[in-house]
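> Quick one, what's the 3D model for this:
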Amino acid sequence: EGKGKKRNPLHDFRKTGELMLIKVNKTLEVKTKLLNTTEQCAKRCSRNKGLSFPCKAFAYDRVTKRCHWLSFNSLTNGVRKKQDHAFDLYEKKDYVRNCIIGKGADYKGTISVTKSGIQCQAWNSMIPHEH
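Alright, predicted model coming up:
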C-alpha cells in the first residue's frame with residue numbers, strides 16, 4: 001500500500017448480491033445499526049467494534065442503509081439463505097475460503113480432508129509427515 005492510501009476494508013470480504021442470511025438457530029447473534037456505507041460496516045466487522053461476538057459476515061440493506069453484523073455465515077449450521085433485493089451479503093474470506101493462503105496460520109475454513117478424501121494432518125502434529 002502506498003503512502004497516504006487507506007486499505008479498503010471490503011477487501012477481506014466476499015460479496016454476494018441480493019442475498020440475506022436467516023438464522024434458524026436462535027442462539028446465533030445479530031446486531032444492527034444505521035451506517036452510510038458498506039466500508040463502515042466492514043471496518044466494524046473486521047475490528048469486532050461494539051460487538052459481543054466475533055463477526056463472520058454482515059448484510060447491508062441498501063434501502064434503509066442499515067448494517068446487520070452476523071456471528072455466522074452461509075456455511076454455519078442453523079442458517080438458511082434468502083434472496084432479497086434490498087441486501088448485499090459480505091462474508092469474511094477467512095471463514096468461507098476453502099484454500100490456505102501462506103502458511104495457513106489464519107485459516108478458518110471448513111475443509112479438513114484432501115481432494116481424495118484423506119483426513120488432513122493436524123498442524124501441531126509431525127506424524128505421519130514433517131511439515
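> biggest helix in the protein, by residue count?
Criterion DSSP state H: the longest helix present in the chain is helix 38-47.
> For the lengthiest strand in the chain, which strands pair with it and how are they oriented?
Counting residues, the longest strand found in the chain (DSSP state E) is strand 79-92. Strand 79-92 has the following sheet partners, assigned by DSSP bridges: strand 13-23 (antiparallel), strand 57-61 (antiparallel).
> what does the shortest one contact?
Read that as strand 57-61. By Cβ atoms under 8 Å, 6 or more residues apart in numbering, the list of residues contacting strand 57-61 from outside reads 13, 19-21, 38, 41-42, 45, 66-70, 72-74, 86-92, 95. (Glycine included, C-beta is placed from N, CA and C.)
> try the longest one
By Cβ under 8 Å, 6+ apart, the surrounding residues in contact with strand 13-23 are 30, 42, 45, 57-59, 68, 70, 72-74, 78-85, 87-93, 96-97.
> Point out where the chain drops to low pLDDT.
Counting by pLDDT under 70, the chain contains low-confidence residues at 1-4, 98-110, 131.
> residues contacting the residue nearest to the spatial centre of it?
Central residue check for the chain by Cα atoms, centre = their mean: the C-alpha nearest the mean position is that of Lys92, 2.5 Å away. By Cβ under 8 Å, 6+ apart, Lys92 lies in contact with Asp12, Phe13, Arg14, Cys45, Ser46, Cys55, Lys56, Ala57, Asn73.
> what does Cys120 give?
Counting by Cβ under 8 Å, 6+ apart, Cys120 touches Ile111, Ser112, Val113, Thr114.
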